[in-house]
Every structure is written in C-alpha cells, then in structure tokens.
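In: need a 3D model of the following:
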Amino acid sequence: MCKVLLIDPAGWQGAAGGNLPSPNVGLAYLAASLHKDGHDVGILDLNNEAMTLEQVLEKILRFKPKIVGLSVKTATLNSARRLGGLIKAKLEGGLLVVGGPHTKFGCFDLIKEPWVDMIFRGEGELGFPEICRRVDRGSSFDGIPGVLVSECADLEHAPDGPLIESSRLDSLPFPDYGQFPANVIENLRASYPLVTSRGCVYRCTYCSVPKVSGKKFRKRSPGNIIEELKWARDKYRVEGFEVIDDVFNLDMERCKKICRGLIQEKLNMRWSCPNGIRADRIDQELAALMFESGCRKAMVGVESADPSVLGAVNKGETIADIERGIRILVGAGIKVGAFFIIGLPGDSIAAQMESVRFAQRLGVDAHFNMLVPYPGTELWKWAEKNARILRKSEDAFHFSNCADNIAPAMETEDFTGPQRLHAYRMVYTKLGKIGMLIPPGASFPRKCALVAALYWQYDREHLMRNMVRDMNNVSRRFLNARKSRKVGIMTP
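Out: As a prediction, this is how the structure comes out:
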C-alpha cells in the first residue's frame with residue numbers, strides 16, 4: 001500500500017474563487033481507482049477549502065505521503081509552482097508528481113523545474129496506480145506510458161499515457177468524493193457532476209479539449225450512467241446533477257436512451273448541462289425527452305452571432321443551426337443559456353452588437369467571456385503571430401472575467417485591449433446584467449455611481465428605467481447584508 005496525497009491548487013474555480021463549491025472530478029476518479037488498487041488516499045482541495053500555506057504544509061507532513069500529486073491547469077500553474085516549491089523543501093523522500101491538463105502542453109519546460117520529480121501525461125485511472133505500485137516496491141518507472149522525468153533521454157518523444165477506450169469506461173469505479181471538504185459534499189446533493197463521455201471530435205480553434213482528452217468520442221453506456229446516479233443518490237443523497245461533458249449530445253440516440261433510463265427508473269432528479277451542448281445536435285424528440293427526464297437548463301456555445309467570426313473558428317455550425325437548436329430547446333420548456341466570446345479573430349464592436357441582438361431576440365441567458373488563448377490550440381498559434389499578449393494564461397484567471405479586475409488577455413491592431421474592455425462593458429450593460437461589472441466589495445455609493453456611469457455611456461436611451469430597477473436591487477441587497485451582519489448570518 002502506498003500513501004498518496006492528491007492536491008488541487010487554488011484557482012478561479014470553486015468556493016475560493018467566489019463560486020459554488022465544485023470539485024475536481026478528475027481527482028475524484030483518480031482517488032477511486034487508487035482506493036480500488038489498495039492505496040491510502042488523501043485529498044487537499046484548495047479551491048474549496050481556505051487554507052494558509054502553513055496549514056497545507058502541516059496537513060501534508062501529518063499525512064506523510066510517499067507521493068504527492070498536483071493536478072495542474074494552465075490557469076493554476078503559478079499557484080501549483082508556489083505550493084510545489086514549498087512541498088519539495090519540506091517533504092523528505094517523497095515523490096512529487098504533476099498531472100492535469102497543463103502537462104499536455106508545458107511539460108518540457110516544467111520537468112526542468114527543481115520542485116518537479118515527475119510528470120504524468122494522460123488519464124490517470126490506469127497509469128497512476130502503476131506508479132504507486134512501483135514506488136511501494138521501490139522499482140523503476142521504466143515502461144510506464146505517460147511518465148516523464150528529467151533523466152529521459154528523449155523528452156520530446158516520450159509517449160503520453162493511453163486514453164481509456166469506451167469499452168473500459170464502464171469498468172472504472174465511480175468517483176470518490178469522500179475526502180473532499182464538507183461544503184463540496186453538501187453541494188453534491190443539488191449539483192452532482194456527471195461525466196458521461198470523454199473527448200471531442202470537433203476542431204474549434206480556441207479549444208484545447210481535443211488535445212487534452214483526445215479527438216475520439218469515448219462514451220459510457222446509458223445503463224452505467226443510470227447506475228452511477230442511483231449510487232450517488234444512496235451515497236450522497238443526490239437530488240440533482242449536472243452533465244459536464246464537452247460534447248454530451250454528439251450521439252443523439254445515446255442521449256435519448258439516457259433520458260429514457262432516467263424516466264423509467266423514476267429518479268426524479270433535476271439536471272442541467274452547464275458546460276454547453278451542441279445546438280446542431282438537437283431535435284424535438286431529444287429536447288422533449290430531456291425535459292421529461294428532468295433537464296431544466298442547458299447552455300449552448302454560440303461564440304459569435306457574426307457569421308464571419310463564427311465561421312473562422314472552425315466550429316462546424318452556422319448561426320441558423322444554433323438558432324434552430326435554441327428554439328427547439330426553449331419550445332420544450334428548457335431554459336437556455338448561451339456562451340459568447342469577446343476577441344476571436346475578426347471580432348469587433350459591431351460584431352459584439354450582433355451577438356447582443358441575437359441574445360435579446362432569442363431571450364437566452366447570455367454569458368460573454370473574454371478570449372484567453374490557451375497553449376496547444378490553433379488560436380494560440382494565431383495569437384503568437386497576430387496579437388500582443390497582455391496577460392499570461394497562467395496568471396490565475398480563466399476567461400478574464402472578474403468584476404474586481406476585468407482585463408483582456410490579448411489585443412490586435414484591429415481590436416485593441418481598450419476596445420475589448422469597452423465591448424465587455426457594453427454587452428453586459430445592454431443586457432441589463434450590470435452586476436457582472438460591479439466589484440462586490442464596492443461601497444453602496446460607489447456602486448450607485450458605477451451603475452449610473454455605465455448606463456450613461458452604453459445605454460443612455462434606457463438610463464432612467466434601468467437605474468430605478470438596478471438601484472432598487474442594489475439597495476435591497478445592501479440592506480439585507482447590513483441586517484444579516486447584525487444578526488450574525490451570511491447572505492447568499
């Protein structure tokens with residue numbers, strides 16, 4: 001038996017980033033596979049549990065792991081680097097392994113850093129237990145696909161760990177959340193994260209999923225998915241779930257079978273698709289089955305309602321496809337949200353106004369994110385040639401969206417940083433989602449002044465109507481917060 005401590009470094013996700021407690025599902029799957037193999041596993045979820053570095057080190061030294069595994073995304077690399085350096089200085093004889101999405105792109109520089117003992121590239125449920133077995137036996141790591149150490153003779157040609165085939169996904173143990181913080185486990189009841197497939201066959205230029213999870217669509221069986229939900233209901237008292245696949249509805253017939261299974265088993269769970277589904281892979285039968293089986297909200301990736309901008313990102317959908325899919329979902333009773341991106345190649349203020357009008361016409365809950373070019377994507381290569389980087393993608397942000405520090409990640413000659421910021425403020429003001437632009441820590445007078453200034457600049461025509469509505473909302477929240485502080489409770 002090997003003692004293993006898995007760590008999710010702090011970043012933008014989860015309670016630490018001001019969101020609902022949300023676990024690293026990859027670590028939960030890995031923990032389950034390690035437990036099944038007989039290892040002693042602990043988890044430090046620094047996205048959902050506030051801890052000082054001293055407290056983190058104290059827990060690590062008390063646990064005395066033989067292996068510490070850090071799950072690293074590009075946006076959490078700097079956080080992982082700071083933590084890894086401290087762990088390496090204190091952890092005598094332990095092996096520090098780095099895994100996670102970032103290792104698919106930045107591993108050759110990362111392996112040279114003194115705090116990194118090993119990098120594991122690939123899906124860890126099969127390969128990582130083998131690393132633990134070798135550590136327990138004191139044998140070498142030769143021949144384990146995905147393992148990268150600085151002594152490798154040919155780093156750039158070291159093979160990745162194999163992706164798990166569809167035929168083996170059903171045999172994986174269900175994710176283990178037992179070592180996650182109490183707030184995560186409590187939140188599982190309403191929003192249990194469900195992964196039904198892996199990989200993506202599409203080639204969107206801004207997306208790194210095919211590089212990380214593979215270009216092949218690998219899927220679990222509907223029966224196995226229903227079994228997980230029944231197991232989660234019994235173990236965690238789950239009442240609702242979120243499908244967090246990258247392309248859940250690629251296989252429409254499989255989706256229909258999943259929905260029919262939910263209906264036949266009478267699970268009575270509300271569910272949603274917060275990561276987004278393909279609008280061109282929806283028909284009326286599927287939408288009706290989704291609603292009947294409990295789906296009440298689905299996000300759709302629009303990206304841009306300007307045809308030329310959308311066409312340039314190789315998404316494989318038209319505006320007409322997307323509108324048709326949204327109308328089918330809405331017609332079935334499902335609330336639709338839509339993701340848009342500010343700053344794609346060819347984007348402009350005028351193109352963003354097209355997206356605003358599209359969102360208003362269809363009545364969707366629109367979410368606009370500033371573009372962040374990620375390593376390994378086609379857009380990253382484009383940005384290296386055509387853009388100036390303003391913020392590095394590893395500087396602890398994801399979509400460059402934070403009311404305390406809204407800033408574009410890049411700029412081009414035809415769409416500068418100030419213009420991108422102008423577009424971001426414009427779209428949310430036009431849509432009446434002014435809260436996305438107001439720092440949460442601002443005083444009441446400061447909030448009032450900011451609201452007035454935004455409407456004066458971006459939606460002067462409706463200034464008075466919007467001011468009355470928003471000031472009532474701001475005032476109500478301010479008074480509730482004061483009242484709550486007096487009686488010692490927290491406001492949601």
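In: break the protein down into its domains, please.
Out: Residue ranges of the domains in the chain are recorded as 3-157, 188-415, 438-492, according to automatic domain parsing.
In: the first one - what's its average pLDDT?
Out: Going back to what we said before, that points to domain 3-157. Throughout domain 3-157, pLDDT has a mean value of 88.
In: how far off centre is it?
Out: Relative to the chain's own centre, domain 3-157 is displaced by 18 Å; criterion: Cα atoms, centre = their mean, to the nearest Å.
In: same question for the second one.
Out: Relative to the mean C-alpha coordinate of its chain, domain 188-415 is positioned 10 Å out (Cα atoms, centre = their mean).
In: turn the domains of the chain into JSON lines, including distance to Tyr428 and mean neighbour count.
Out: Backbone N, C-alpha and C define where each C-beta goes, glycine included. Formatted as JSON lines, the entries for the domains of the chain read as follows, by distance: least, Cβ to Cβ, whole Å; neighbours: other Cβ atoms under 10 Å:
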{"stretch": "domain 3-157", "distance to Tyr428": "17", "mean neighbour count": "19"}
{"stretch": "domain 188-415", "distance to Tyr428": "7", "mean neighbour count": "18"}
{"stretch": "domain 438-492", "distance to Tyr428": "8", "mean neighbour count": "13"}
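In: between the ones you listed, which gets nearest to His422?
Out: domain 188-415 (6.9 Å; Cβ to Cβ).
In: ends of the closest one, what's the gap?
Out: Domain 188-415 has an end-to-end distance of 41 Å (Cα to Cα, to the nearest Å).
In: again with stretch 195-212
Out: Counting by Cα to Cα, the terminal residues of stretch 195-212 are separated by 15 Å.
In: now the strands for the stretch 101-250 of the chain?
Out: In the stretch 101-250 of the chain, the segments counted as strands under DSSP state E, counting those that start in this stretch are 118-120, 147-148, 192-194, 197-198, 218-219, 240-243.
In: before we move on, the earlier item: okay, the domains of the chain in TSV with distance to Phe180 next?
Out: As requested, these are arranged in TSV below (distance: least, Cβ to Cβ, whole Å):
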stretch	distance to Phe180
domain 3-157	5
domain 188-415	9
domain 438-492	21
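In: out of the ones you listed, which is closest to Phe174?
Out: Nearest to Phe174 among the domains of the chain is domain 188-415 (5.1 Å), distances taken as Cβ to Cβ.
In: and the contacts of stretch 206-220?
Out: By Cβ atoms under 8 Å, 6 or more residues apart in numbering, the surrounding residues in contact with stretch 206-220 are 101, 104-105, 163-166, 169-170, 196-203, 246-247, 250-251, 254, 303, 313, 341, 344, 371, 373-379.
In: before we move on, back to that, can I get the strands of the stretch 101-250 of the chain in JSON lines with distance to Lys3?
Out: Formatted as JSON lines, the entries for these read as follows, by distance: least, Cβ to Cβ, whole Å:
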{"stretch": "strand 118-120", "distance to Lys3": "16"}
{"stretch": "strand 147-148", "distance to Lys3": "20"}
{"stretch": "strand 192-194", "distance to Lys3": "26"}
{"stretch": "strand 197-198", "distance to Lys3": "28"}
{"stretch": "strand 218-219", "distance to Lys3": "31"}
{"stretch": "strand 240-243", "distance to Lys3": "32"}
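In: between those strands, which one is closest to Pro9.
Out: Taking Cβ to Cβ as the criterion, strand 118-120 is the member of those that comes nearest to Pro9, at 15.1 Å.
In: residue contacts, Asp306?
Out: Taking Cβ under 8 Å, 6+ apart as the criterion, Asp306 is in contact with Gly346, Asp347, Ala350, Ala351, Glu354, Ser355.
In: can you give me the strands in the stretch 251-400 of the chain?
Out: Along the stretch 251-400 of the chain, the stretches classed as strands by DSSP E, counting those that start in this stretch are 270-277, 295-303, 335-342, 365-370, 388-389.
In: what mean pLDDT would you report for the third one?
Out: What it means is strand 335-342. Model confidence over strand 335-342 averages 97 on the pLDDT scale.
In: distance from the host helix or strand of Trp456 to the middle of the chain?
Out: Under the criterion of DSSP states H and E, Trp456 resides in helix 444-458. Averaged C-alpha coordinates place helix 444-458 at 31 Å from its chain's average position (Cα atoms, centre = their mean).
In: and it, what does it pack against?
Out: helix 417-430, helix 463-487 (3 or more Cβ pairs under 8 Å, 6 or more residues apart in numbering; DSSP states H and E).
In: of these, which shows the lowest average pLDDT?
Out: helix 463-487 (a mean of 61).
In: touching stretch 174-192 from outside, list them.
Out: With Cβ under 8 Å, 6+ apart as the criterion, stretch 174-192 contacts 14-15, 20-23, 25, 28-29, 31-32, 35, 41-43, 45, 48-49, 195, 228-229, 231-232, 236-242, 272.
In: 6 Å instead?
Out: Residues lying outside stretch 174-192 but in contact with it, judged by Cβ atoms under 6 Å, 6 or more residues apart in numbering, are 20-21, 23, 25, 28-29, 31-32, 42-43, 45, 48-49, 228, 231-232, 236-242.
In: now, the residues you listed that are in helices?
Out: Judged by DSSP state H, helices contain the following of the contacts of stretch 174-192: Val25, Ala28, Tyr29, Ala31, Ala32, Glu228, Trp231, Ala232, Tyr236.
In: any chance of a markdown table for these, columns distance to Pro210?
Out: As requested, these are exported to a markdown table (distance: Cβ to Cβ, whole Å):
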| residue | distance to Pro210 |
| --- | --- |
| Val25 | 19 |
| Ala28 | 23 |
| Tyr29 | 20 |
| Ala31 | 26 |
| Ala32 | 25 |
| Glu228 | 25 |
| Trp231 | 30 |
| Ala232 | 28 |
| Tyr236 | 32 |
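In: list the contacts for Tyr374?
Out: Listed by Cβ under 6 Å, 6+ apart, the contact partners of Tyr374 are Ser208, Trp380, Ser393.
In: for the closest residue to Ser308 other than its chain neighbours, what are phi and psi?
Out: The spatially closest residue to Ser308, leaving aside those adjacent along the chain, is Gly346, at 5.7 Å (Cβ to Cβ, 6 or more residues apart in numbering). Dihedral angles phi and psi of Gly346 (degrees, to the nearest 10) take the values phi 90, psi 0.
In: surely Gly346 touches Pro307?
Out: No. With contacts defined as Cβ atoms under 6 Å, Gly346 does not count as touching Pro307, sitting 10.3 Å away.
In: hang on, the earlier thing: could you find the lowest-pLDDT member of the contacts of Tyr374?
Out: By pLDDT, Ser393 ranks lowest within the contacts of Tyr374, coming in at 70.
In: now it: how far from Leu96?
Out: In this view, Ser393 and Leu96 are 23 Å apart by Cβ to Cβ, to the nearest Å.
In: on that earlier part again, residues contacting the residue nearest to Ser308?
Out: Going by Cβ under 6 Å, 6+ apart, Gly346 touches Ser308, Val309, Ala312.
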